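Undergrad: Show me how the following folds:
(one chain, ligands or ions: 1)
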Amino acid sequence: MDREQQKRLAAQRAAGYVEKGSVVGVGTGSTVAYFIDELGKMRDEIDCAVSSSERSSELLRERGIRVVDLNSVGTLPLYVDGADECDGHKRLIKGGGAALTREKIIAAASERFVCMIDPAKRVDVLGKFPLPVEVIPMARSHVAREIVKRGGQPVWRDGTVTDNGNWILDVHNLSIVDPVALEREYNQIVGVVCVGLFAARPADIVLIGDQLMA
Ligand SMILES: O=C(CO)[C@H](O)[C@H](O)COP(=O)(O)O
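TA: All right, here's what the predicted structure looks like:
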């Protein structure tokens, strides 16, 4: 089975976690696009969605799903998103699609975070996928120097502007032994808006294709 089929299977299984009449938190990316297809089929059964990106909002509206602001709903019962890497503790690297900040906010505001991946993204140690860090544009060089001091190799994702008007540094050469500590450490660099490590708040449920990760 190819990766796209695995993503679609994960999205179909994730749709089983959506409760009738509820507000659904929706992530960003190609796997989430399959999930939005599934949500479209259930649009009369759900209330509305909170979206992590302009891209996902557009897809949701195209399928007749109302998109509302997180401030108007408070705590969400469910957030469904993809990831770039996932370790055995359901800790993630996210942000390949540059939506990490809104994704992390919605994950934090959700009671249950269901993450959908294909088998290639399951790793023992996070860090092979370059770690995305969203930065305030004027702080790009400062943050990059601070990351180099900490052993990382930051590369500016030139040309990418996030939905929040910020820039992305992708940090290469990491083998993340303690993801919670690294998330905390990078969060403390002035000018960092968000680190694409979801370790302090990992996923609750990980679907690898249609299989539940133990
Ligand atoms: O974090 C993300 C976007 O910021 C995505 O969830 C991540 O990049 C995975 O994307 P895809 O499902 O296209 O492989």
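Undergrad: Next one: L59 relative to D170, how far apart?
TA: Remark: distance between L59 and D170 (C-beta to C-beta, to the nearest Å) = 25 Å. Quick note: C-beta positions are derived from backbone N, CA and C, even for glycine.
Undergrad: More neighbours: these two, which one.
TA: L59 (23 against 19; other C-beta atoms under 10 Å).
Undergrad: Run through the neighbouring helices and strands of the host helix or strand of the more buried one.
TA: With secondary structure defined by DSSP states H and E, L59 is part of helix 54-62. Under the contact definition 3 or more C-beta pairs under 8 Å, 6 or more residues apart in numbering; DSSP states H and E, helix 54-62 sits against helix 30-41, strand 48-51.
Undergrad: Export those as CSV, with columns for distance to the ligand.
TA: As requested, those are exported to CSV (distance: least, C-beta to the nearest ligand atom, whole Å):
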stretch, distance to the ligand
helix 30-41, 3
strand 48-51, 12
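Undergrad: residues contacting G25?
TA: By C-beta atoms under 8 Å, 6 or more residues apart in numbering, the contact list for G25 reads A49, V50, S52, L76, L78, Y79, V80, D81, I106, A107, A109, S110.
Undergrad: any idea how far the fifth one is from the ligand?
TA: For L78, the distance to the ligand (C-beta to the nearest ligand atom, to the nearest Å) stands at 16 Å.
Undergrad: residue ranges of the strands in the chain, please?
TA: Applying DSSP state E to the chain gives strands spanning 23-26, 48-51, 78-82, 85-86, 92-93, 113-117, 131-135, 153-156, 167-172, 192-195, 197-198, 205-208, 211-212.
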